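A.B. asks: Provided below for reference: sequence and predicted model.
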Amino acid sequence: QVQLQESGPGLVKPSETLSLTCIVSGGSLTPKYHAWSWSRQSPGKGLDWIGSIDYEGDTYYSPSLKSRTSISRDTSKNQFSLQLSSVTPEDTAIYYCANYYGGHYAYWGRGTQVTVSS
C-alpha cells in the first residue's frame with residue numbers, strides 16, 4: 001500500500017518561498033508511467049492542480065503558476081518536493097501530494113495547511 005505524507009512549514013511570509021516535501025512509502029518514484037503531483041485547495045474553492053513530476057523526472061506545471069513553481073525529486077529518499085516562490089495570501093491553501101497512474105489519482109496524502117501571512 002502506497003502512502004504519501006506532506007511535510008513543511010505551516011506559515012510562510014509574503015514574498016517568501018513555500019517549500020513542501022512529500023515522502024512516499026510502500027512504493028517507488030520510478031515505476032513506469034507513474035506521476036507524482038501537487039494540488040491545493042484554497043478556502044471556498046475547488047482543488048487546483050499545481051504540477052507533476054513523472055517517473056522519468058520530467059516536470060509539468062499549471063500555466064497559471066508555472067513562473068513561480070518548481071517540482072523536484074530525490075529518488076534516494078523516495079520523496080518529491082514543491083517550491084512556490086513569491087507567495088501572497090492568495091497562496092493560502094491546503095496542499096496535497098498524490099500519485100497519478102492509469103488515468104486517475106491512485107493515492108493521496110492527507111494534506112497540509114499552509115498559511116501565507118506576515
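C.D. replies: Looks like it came in fine. Residues are numbered from 1 along each chain as shown.
A.B. asks: Give the pairing partners of the helix or strand of the chain with the lowest mean pLDDT; include direction for each.
C.D. replies: Lowest by mean pLDDT, DSSP states H and E among the helices and strands of the chain is strand 104-108, with a mean of 93. Sheet pairing here is set by DSSP bridges, and for strand 104-108 it gives strand 93-101 (antiparallel).
A.B. asks: so where's the chain uncertain?
C.D. replies: Within the chain, not a single segment meets pLDDT under 70.
A.B. asks: tell me the contacts of the residue nearest the centre of it?
C.D. replies: The centroid of the chain falls nearest to Trp38 when counting by C-alpha atoms, centre = their mean (2.7 Å). Neighbouring residues of Trp38 by C-beta atoms under 8 Å, 6 or more residues apart in numbering: 20, 22, 49-52, 71, 82, 95-98. Every residue, glycine included, has its C-beta placed from N, CA and C.
A.B. asks: Neighbour-wise, which one of these leads?
C.D. replies: The most crowded member of the contacts of Trp38, judged by other C-beta atoms under 10 Å, is Cys97 (29 neighbours).
A.B. asks: Check the contact between that residue and Arg40; I expect there is one.
C.D. replies: No - counting by C-beta atoms under 8 Å, Arg40 is not a contact partner of Cys97; they are 10.3 Å apart.
A.B. asks: related to what we said a few turns ago, look up how far Thr30 lies from the residue nearest to the centre of the chain.
C.D. replies: 18 Å (C-beta to C-beta, to the nearest Å).
A.B. asks: got it, and Ala93?
C.D. replies: Going from Ala93 to Thr30 by C-beta to C-beta gives 29 Å.
A.B. asks: which residues does the residue lying closest to Ser72 once chain neighbours are set aside bridge with?
C.D. replies: Counting by C-beta to C-beta, 6 or more residues apart in numbering, Ser81 is the residue found nearest to Ser72 once chain neighbours are left out, at 5.3 Å. Assessed by DSSP bridges, Ser81 has beta-bridge partners Thr21, Ser72.
A.B. asks: I figured Ser81 hits Leu20, correct?
C.D. replies: Yes - with contact defined as C-beta under 8 Å, Ser81 reaches Leu20; the gap is 6.6 Å.
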